[in-house]
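> Build me a structure from this.
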Amino acid sequence: MTTTRYLFDTCLILYLARTEPLAPGAERVLRERSGGPGSLYMSAFSAWEIGMLVAKRRLSLTQPPLPWFWNFASEQELSVLDVTADILVSASFLPEPLHAGPADRILIATAREHDLTIITRDRAILAYGAAGHVKVLAC
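Have a look, this model is predicted:
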């Protein structure tokens, strides 16, 4: 039996931090931790996205971005995946059509590299999943 493993999109991280409601499927995954230990991941690239939001004053956190990121990962029992050269190059050669946002491309490449399902609300990523290019779960 294959266990589904999930990658948190940066938007999901921020929704969870603000305790916003999620779609039932995503809520079930988080509640049940259905894949067991090692089934929930976030990309180190999300730390960059969060740092940029704070730097641009579009996000306010209770502590500096880096400790906040690591505390969130610990509290949610998430494993953090490094952004590797393989992922970065793969992000440059994803099947089209896909919008040009580098952060989304890197998260998609991460999910594809590690055979993960991205939990997201991003319409472009969901459409990309519907086209069969990456596994997705709407949150």
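
> And the nearest residue to residue 29 once chain neighbours are set aside, how close does it get to residue 75?
Once flanking residues are discounted, residue 29 sits nearest to residue 6: 6.1 Å by Cβ to Cβ, 6 or more residues apart in numbering. For the C-beta atoms, the positions are set from N, CA and C on the backbone; glycine is no exception. According to Cβ to Cβ, to the nearest Å, residue 6 stands 16 Å off from residue 75.

> Compare those two and say which one has the larger neighbour count.
Neighbours were counted for residue 6 and for residue 75 using other Cβ atoms under 10 Å; residue 6 has more, 24 against 10.

> these two touch, right, that one and residue 114?
No: Residue 6 lies out of contact with residue 114 (Cβ atoms under 8 Å); the separation is 10.4 Å.

> What sits closest to residue 88 if chain neighbours are left out?
Using Cβ to Cβ, 6+ apart, the nearest residue to residue 88 is residue 106, at 6.8 Å.

> Could you give the secondary structure assignment for the one you found?
Following DSSP: H, G, I helix; E, B strand; the rest coil, we place residue 106 in the helix state.

> Tell me how many other residues crowd it.
Neighbours of residue 106 (other Cβ under 10 Å): 23.

> ok, residues contacting stretch 76-87?
7-8, 16, 33, 37-38, 40-45, 70, 72-73, 106, 109-110, 113-114 (Cβ atoms under 8 Å, 6 or more residues apart in numbering).
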